[in-house]
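Visitor: got a sequence here, can you build the structure:
(one chain, ligands or ions: 1)
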Amino acid sequence: MNIILLGPPGAGKGTQAAMLMNRYNIPQISTGEILRAAVQNQSLMGLKAKEYMDAGDLVPDEVVVGIVRERLQADDCDGGFILDGFPRTLPQADALKQSLEELNMPLDAVVSLQVETDVLVERLTGRRTCRSCGKVYHLQYDPPAQNNTCSCGGKLEQRDDDCEETIRNRMQVYHQQTAPLEDYYRDANLLSVIDGMAEISDVHEQIILTLQNC
Ligand code: AMP
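Guide: All right, here's what the predicted structure looks like:
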(Lines give C-alpha, C1' and ligand atoms only; values in the text may rest on other atoms or scores of the structure.)
Protein backbone atom coordinates (compact mmCIF):
# COMPACT_ATOMS: atom_id res chain seq x y z
CA MET A 1 0.00 0.00 0.00
CA ASN A 2 1.86 3.09 -1.25
CA ILE A 3 -0.14 6.18 -0.35
CA ILE A 4 0.17 9.96 -0.43
CA LEU A 5 -1.98 12.14 1.85
CA LEU A 6 -2.52 15.60 0.38
CA GLY A 7 -4.20 18.59 1.98
CA PRO A 8 -3.52 21.98 3.54
CA PRO A 9 -1.92 22.41 6.98
CA GLY A 10 -4.45 21.35 9.60
CA ALA A 11 -6.43 19.10 7.25
CA GLY A 12 -5.73 16.08 9.45
CA LYS A 13 -3.01 14.39 7.38
CA GLY A 14 -0.91 13.55 10.44
CA THR A 15 -3.88 12.16 12.38
CA GLN A 16 -5.09 10.05 9.48
CA ALA A 17 -1.58 8.90 8.59
CA ALA A 18 -1.08 7.62 12.14
CA MET A 19 -4.38 5.69 11.95
CA LEU A 20 -3.42 4.18 8.60
CA MET A 21 0.00 3.29 9.95
CA ASN A 22 -1.61 1.27 12.76
CA ARG A 23 -4.14 -0.34 10.47
CA TYR A 24 -1.80 -1.40 7.67
CA ASN A 25 1.43 -1.64 9.64
CA ILE A 26 3.31 0.60 7.23
CA PRO A 27 5.35 3.68 8.18
CA GLN A 28 4.14 7.26 8.14
CA ILE A 29 6.73 9.45 6.45
CA SER A 30 6.18 13.05 7.54
CA THR A 31 8.71 15.47 6.09
CA GLY A 32 7.56 18.08 8.62
CA GLU A 33 8.38 15.73 11.52
CA ILE A 34 11.73 14.76 10.02
CA LEU A 35 12.61 18.44 9.58
CA ARG A 36 11.45 19.37 13.11
CA ALA A 37 13.67 16.58 14.51
CA ALA A 38 16.60 17.95 12.48
CA VAL A 39 15.95 21.44 13.87
CA GLN A 40 15.85 20.08 17.41
CA ASN A 41 19.10 18.16 16.90
CA GLN A 42 20.67 21.30 15.42
CA SER A 43 22.01 19.31 12.48
CA LEU A 44 23.29 21.26 9.47
CA MET A 45 20.08 20.44 7.60
CA GLY A 46 18.00 21.54 10.60
CA LEU A 47 19.80 24.86 10.89
CA LYS A 48 19.19 25.53 7.19
CA ALA A 49 15.53 24.45 7.33
CA LYS A 50 14.61 26.44 10.44
CA GLU A 51 14.37 29.87 8.85
CA TYR A 52 12.01 28.59 6.14
CA MET A 53 9.87 26.71 8.63
CA ASP A 54 9.61 29.60 11.08
CA ALA A 55 8.36 31.83 8.25
CA GLY A 56 5.89 29.20 7.03
CA ASP A 57 7.74 28.88 3.73
CA LEU A 58 8.75 25.65 2.04
CA VAL A 59 12.19 24.21 2.59
CA PRO A 60 14.04 23.94 -0.77
CA ASP A 61 12.99 20.99 -2.92
CA GLU A 62 16.45 19.40 -3.10
CA VAL A 63 16.55 19.07 0.71
CA VAL A 64 13.19 17.31 1.11
CA VAL A 65 13.55 15.23 -2.07
CA GLY A 66 16.82 13.81 -0.70
CA ILE A 67 15.25 13.07 2.70
CA VAL A 68 12.33 11.16 1.19
CA ARG A 69 14.38 9.25 -1.34
CA GLU A 70 16.65 7.96 1.41
CA ARG A 71 13.73 7.18 3.75
CA LEU A 72 11.88 5.16 1.10
CA GLN A 73 14.85 2.81 0.83
CA ALA A 74 14.63 1.74 4.48
CA ASP A 75 13.48 -1.84 5.07
CA ASP A 76 10.26 -0.81 6.81
CA CYS A 77 8.97 0.65 3.53
CA ASP A 78 9.05 -2.75 1.81
CA GLY A 79 5.35 -3.31 2.56
CA GLY A 80 4.31 0.23 1.73
CA PHE A 81 4.36 3.78 3.09
CA ILE A 82 2.18 6.78 3.83
CA LEU A 83 3.63 10.09 2.71
CA ASP A 84 2.36 12.96 4.87
CA GLY A 85 3.35 16.46 3.78
CA PHE A 86 5.30 15.36 0.71
CA PRO A 87 5.22 16.17 -2.16
CA ARG A 88 4.33 19.86 -1.81
CA THR A 89 5.50 21.22 -5.16
CA LEU A 90 5.38 20.00 -8.76
CA PRO A 91 9.19 19.47 -8.89
CA GLN A 92 8.88 17.35 -5.71
CA ALA A 93 6.11 15.30 -7.35
CA ASP A 94 8.26 14.76 -10.45
CA ALA A 95 11.25 13.76 -8.33
CA LEU A 96 9.09 11.35 -6.34
CA LYS A 97 7.74 9.80 -9.54
CA GLN A 98 11.26 9.17 -10.73
CA SER A 99 12.39 7.72 -7.37
CA LEU A 100 9.38 5.41 -7.15
CA GLU A 101 9.98 4.15 -10.69
CA GLU A 102 13.62 3.46 -9.91
CA LEU A 103 12.72 1.74 -6.63
CA ASN A 104 9.85 -0.17 -8.28
CA MET A 105 7.31 1.13 -5.75
CA PRO A 106 4.25 2.26 -7.74
CA LEU A 107 1.78 4.59 -6.04
CA ASP A 108 -1.62 3.09 -5.21
CA ALA A 109 -3.53 6.18 -4.17
CA VAL A 110 -3.36 9.90 -3.47
CA VAL A 111 -5.96 10.99 -0.94
CA SER A 112 -6.73 14.70 -0.70
CA LEU A 113 -8.42 15.95 2.47
CA GLN A 114 -10.64 19.02 1.94
CA VAL A 115 -11.23 21.45 4.82
CA GLU A 116 -12.46 25.07 4.78
CA THR A 117 -9.82 27.72 5.55
CA ASP A 118 -11.53 29.12 8.68
CA VAL A 119 -11.69 25.65 10.18
CA LEU A 120 -8.03 25.05 9.35
CA VAL A 121 -6.97 28.25 11.12
CA GLU A 122 -9.06 27.35 14.18
CA ARG A 123 -7.58 23.84 14.27
CA LEU A 124 -3.99 25.05 13.97
CA THR A 125 -4.14 27.91 16.48
CA GLY A 126 -5.61 25.54 19.10
CA ARG A 127 -3.19 22.70 18.41
CA ARG A 128 -0.83 21.67 21.21
CA THR A 129 1.72 18.85 21.00
CA CYS A 130 3.37 16.89 23.78
CA ARG A 131 7.08 17.55 23.91
CA SER A 132 7.74 14.03 25.22
CA CYS A 133 5.51 11.62 23.26
CA GLY A 134 4.27 13.78 20.36
CA LYS A 135 0.55 13.31 21.18
CA VAL A 136 -1.55 16.09 19.65
CA TYR A 137 -4.37 17.89 21.51
CA HIS A 138 -6.70 20.76 20.69
CA LEU A 139 -7.46 23.32 23.39
CA GLN A 140 -11.17 23.32 22.53
CA TYR A 141 -11.98 20.03 20.78
CA ASP A 142 -9.62 17.62 22.53
CA PRO A 143 -8.24 19.37 25.64
CA PRO A 144 -5.81 17.65 28.01
CA ALA A 145 -7.26 16.49 31.35
CA GLN A 146 -4.68 18.57 33.16
CA ASN A 147 -3.83 22.08 32.02
CA ASN A 148 -0.89 22.13 29.56
CA THR A 149 0.09 18.56 30.45
CA CYS A 150 -0.13 15.39 28.36
CA SER A 151 -1.56 12.11 29.73
CA CYS A 152 2.06 10.87 29.73
CA GLY A 153 3.06 13.77 32.01
CA GLY A 154 4.94 15.63 29.25
CA LYS A 155 4.61 19.38 28.75
CA LEU A 156 2.37 20.55 25.91
CA GLU A 157 3.66 23.18 23.55
CA GLN A 158 2.50 25.12 20.53
CA ARG A 159 4.43 24.59 17.31
CA ASP A 160 6.44 27.69 16.40
CA ASP A 161 4.70 27.84 13.00
CA ASP A 162 1.18 27.52 14.46
CA CYS A 163 0.85 31.26 15.20
CA GLU A 164 -1.78 33.06 13.16
CA GLU A 165 0.53 35.13 10.93
CA THR A 166 2.63 32.12 9.93
CA ILE A 167 -0.50 30.03 9.42
CA ARG A 168 -1.83 32.58 6.90
CA ASN A 169 1.43 32.35 4.95
CA ARG A 170 1.37 28.53 5.07
CA MET A 171 -2.16 28.61 3.59
CA GLN A 172 -1.03 30.92 0.79
CA VAL A 173 1.98 28.72 0.08
CA TYR A 174 -0.35 25.73 0.00
CA HIS A 175 -2.69 27.32 -2.53
CA GLN A 176 0.12 28.55 -4.75
CA GLN A 177 2.50 25.62 -4.68
CA THR A 178 0.76 22.49 -3.41
CA ALA A 179 -2.86 22.71 -4.58
CA PRO A 180 -1.79 22.20 -8.26
CA LEU A 181 -0.75 18.68 -7.28
CA GLU A 182 -4.42 17.70 -7.19
CA ASP A 183 -4.61 18.09 -10.96
CA TYR A 184 -1.24 16.36 -11.33
CA TYR A 185 -2.54 13.24 -9.56
CA ARG A 186 -6.04 13.51 -11.03
CA ASP A 187 -4.46 13.34 -14.48
CA ALA A 188 -2.55 10.24 -13.33
CA ASN A 189 -5.87 8.66 -12.21
CA LEU A 190 -4.66 8.37 -8.64
CA LEU A 191 -6.60 11.12 -6.85
CA SER A 192 -9.46 10.65 -4.39
CA VAL A 193 -10.96 13.70 -2.70
CA ILE A 194 -12.35 13.23 0.81
CA ASP A 195 -14.29 15.54 3.14
CA GLY A 196 -11.81 16.26 5.92
CA MET A 197 -14.37 18.18 8.00
CA ALA A 198 -16.20 15.00 9.08
CA GLU A 199 -15.46 13.21 12.37
CA ILE A 200 -11.94 11.78 12.54
CA SER A 201 -13.24 8.18 12.54
CA ASP A 202 -15.56 8.88 9.58
CA VAL A 203 -12.72 10.41 7.57
CA HIS A 204 -10.68 7.29 8.36
CA GLU A 205 -13.49 5.01 7.14
CA GLN A 206 -13.82 7.02 3.93
CA ILE A 207 -10.10 6.65 3.30
CA ILE A 208 -10.28 2.89 3.91
CA LEU A 209 -13.17 2.56 1.47
CA THR A 210 -11.21 4.52 -1.10
CA LEU A 211 -8.12 2.36 -0.64
CA GLN A 212 -10.20 -0.83 -0.94
CA ASN A 213 -11.35 0.31 -4.36
CA CYS A 214 -7.83 0.99 -5.65
P1 AMP B 1 4.13 20.14 8.29
O2 AMP B 1 4.48 19.50 9.60
O3 AMP B 1 3.87 19.13 7.21
O4 AMP B 1 3.03 21.16 8.41
O5 AMP B 1 5.45 20.93 7.82
C6 AMP B 1 5.99 21.97 8.61
C7 AMP B 1 6.96 22.78 7.77
O8 AMP B 1 8.04 21.95 7.33
C9 AMP B 1 6.39 23.39 6.49
O10 AMP B 1 5.71 24.61 6.72
C11 AMP B 1 7.66 23.57 5.66
O12 AMP B 1 8.41 24.69 6.10
C13 AMP B 1 8.45 22.32 6.03
N14 AMP B 1 8.11 21.19 5.10
C15 AMP B 1 7.50 20.03 5.43
N16 AMP B 1 7.35 19.25 4.36
C17 AMP B 1 7.87 19.94 3.31
C18 AMP B 1 8.00 19.68 1.92
N19 AMP B 1 7.53 18.55 1.37
N20 AMP B 1 8.60 20.63 1.16
C21 AMP B 1 9.08 21.76 1.69
N22 AMP B 1 8.97 22.08 2.98
C23 AMP B 1 8.37 21.18 3.80
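Visitor: what about the residue of the chain found nearest the ligand, how many neighbours?
Guide: The ligand sits closest to residue 32 of the chain, with a gap of 2.0 Å, by Cβ to the nearest ligand atom. Quick note: C-beta positions are derived from backbone N, CA and C, even for glycine. Residue 32 is flanked by 19 other residues according to other Cβ atoms under 10 Å.
Visitor: go ahead and confirm it touches residue 88.
Guide: No. Applying Cβ atoms under 8 Å, one finds residue 32 not in contact with residue 88, separated by 9.7 Å.
Visitor: shouldn't residue 79 be in contact with residue 25?
Guide: Yes. The pair residue 79 and residue 25 passes the contact test of Cβ under 8 Å, sitting 7.0 Å apart.
Visitor: what about the residue of the chain closest to the ligand, helix or strand, and which?
Guide: Taking DSSP states H and E as the criterion, residue 32 maps to helix 31-41.
Visitor: go on, residue 47?
Guide: Element membership of residue 47 [criterion: DSSP H and E] is helix 44-55.
Visitor: now do the buried residues in the following helix or strand past that helix.
Guide: Later in the chain than helix 44-55, the nearest helix or strand by DSSP H and E is helix 61-72. Buried positions in helix 61-72, judged by neighbour count with 16 or more other Cβ atoms under 10 Å: 61, 63-65, 67-69, 71-72.
Visitor: other SSEs contacting helix 61-72?
Guide: strand 28-30, helix 31-41, helix 44-55, helix 90-102 (3 or more Cβ pairs under 8 Å, 6 or more residues apart in numbering; DSSP states H and E).
Visitor: contact residues of this protein facing the ligand?
Guide: Proximity of the chain to the ligand, by Cβ under 6 Å from any ligand atom, involves residues 9, 31-32, 35, 52-53, 56-59, 64, 85-88, 92, 161, 170.
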